[in-house]
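**Q** A predicted structure for the sequence below; I have some questions about it.
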Amino acid sequence: MADAAIDPLLVDPTRLSIVSLLSSSRWVEFGFVRDTVALSDSALSKQISKLSDHGYVEVERGYVGKRPRTWISLSEAGRAALLDHVAALQAIVDRSQQAGESRDEGRSPPRAPGPPRPAGRPAPA
């Protein structure tokens with residue numbers, strides 16, 4: 001995944017939360033997703049529509065008894081997008097850590113600052 005890139009659709013924390021939740025199960029009931037990510041029905045519907053428009057989720061509607069239900073599943077494209085997005089974020093973290101380590105190589109750790117001195121008193125020698 002050397003060419004993994006940040007996915008603009010998954011930059012939004014709500015959509016990332018939804019896709020991450022869906023990645024752990026095959027089909028998830030709409031109400032469970034709504035309650036887990038703490039969204040209203042209409043807000044979740046809008047996010048699911050955006051994800052569906054990009055092919056990241058599949059939506060199935062049906063009934064349990066006489067009650068209508070909606071189930072959501074992460075598609076293969078959605079799973080691949082999530083994995084690439086996470087890999088891109090991890091690459092950023094890895095590069096930052098490597099840059100920090102190479103910058104600090106051979107340097108002694110910084111001294112911790114002492115307690116604040118009252119005004120007008122010179123620093124100890």
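**A** Ah, there it is. Numbering: from 1, shown residues only.

**Q** Quick one: the strands in this protein, in order.
**A** Counting by DSSP state E, the chain has strands at residues 28-29, 57-64, 67-74.

**Q** In JSON lines: those strands, plus mean pLDDT.
**A** Listed next are those as JSON lines, based on pLDDT from 0 to 100:
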{"stretch": "strand 28-29", "mean pLDDT": "98"}
{"stretch": "strand 57-64", "mean pLDDT": "97"}
{"stretch": "strand 67-74", "mean pLDDT": "98"}
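
**Q** nearest to Gln98, of these?
**A** Among the strands of the chain, strand 67-74 comes nearest to Gln98, with 31.7 Å by C-beta to C-beta. Quick note: C-beta positions are derived from backbone N, CA and C, even for glycine.

**Q** what angle do the closest one and strand 57-64 make?
**A** Orientation check (axes from the mean of the first three to the mean of the last three C-alpha atoms, to 10 degrees): strand 67-74 against strand 57-64 gives 160 degrees.
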